[in-house]
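Asker: got a sequence here, can you build the structure:
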Amino acid sequence: MDVATGHCGPESDISLFRKQTQKFGDNQQFDGDKGYVGEDNINTPHKKPRNRELTDEQKEKNKIFSSSRIFIEHVMRRLKIPRITQVRFPLKLSCYETVMKTVCGLVRLSLGSLKLSSFNKEEISLNQST
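Answerer: Have a look, this model is predicted:
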């Protein structure tokens, strides 16, 4: 997981992505939701055409696609559970990055993707006696 803190003011996900593309390889592919339709290196689900229906094949592909992205959607939900990430930031702007990275770190820890070294009591007592 990568964390990039935002900035003041509204900005769409696609414009934020376009600003970050220089960090990735030219052939790197991404999966995105329908907000990213039209980008060359982003795989998106099929959109329903106006006044028509999706074919059964397109519906099946969308189902497979969404089942691979569900983990990301669940992580995004977990990031939005703390009230501080839901509302207008109430603290000094100088604290914003620290608070957001702390929330992301706590989510990573709860997912088990952040490994912290732990010591048992014997190791701690041995280290203190030497």
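Asker: out of the helices and strands in the chain, which is least certain?
Answerer: helix 121-129 (a mean of 45; mean pLDDT, DSSP states H and E).
Asker: need the pLDDT of the residue nearest in space to the middle of the chain.
Answerer: The chain has residue 76 as the residue nearest its centroid, 5.7 Å off, counting by Cα atoms, centre = their mean. On the pLDDT scale, residue 76 is placed at 83.
Asker: pull out the buried positions in the particular helix or strand that has it in it.
Answerer: Using DSSP states H and E, residue 76 sits in helix 56-79. Using 16 or more other Cβ atoms under 10 Å as the test for burial, helix 56-79 gives 62, 75, 78-79. Heads up, the C-betas are built off the backbone N, CA and C, glycines and all.
Asker: list the buried residues of stretch 93-110.
Answerer: For stretch 93-110, a neighbour-count test (16+ other Cβ under 10 Å) marks 96, 99-100, 103-104, 107-108 as buried.
Asker: using a markdown table, please lay out the buried residues of helix 56-79 together with distance to residue 18.
Answerer: Below are those laid out as a markdown table (distance: Cβ to Cβ, whole Å):
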| residue | distance to residue 18 |
| --- | --- |
| 62 | 24 |
| 75 | 22 |
| 78 | 26 |
| 79 | 22 |
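Asker: what's the closest of those to residue 55?
Answerer: Nearest to residue 55 out of these is residue 62 (Cβ to Cβ; 10.5 Å).
Asker: so what pLDDT did that closest one get?
Answerer: At residue 62, the pLDDT value in this model is 92.
Asker: next, work out how far apart it and residue 15 are.
Answerer: Separation of residue 62 from residue 15 (Cβ to Cβ, to the nearest Å): 25 Å.
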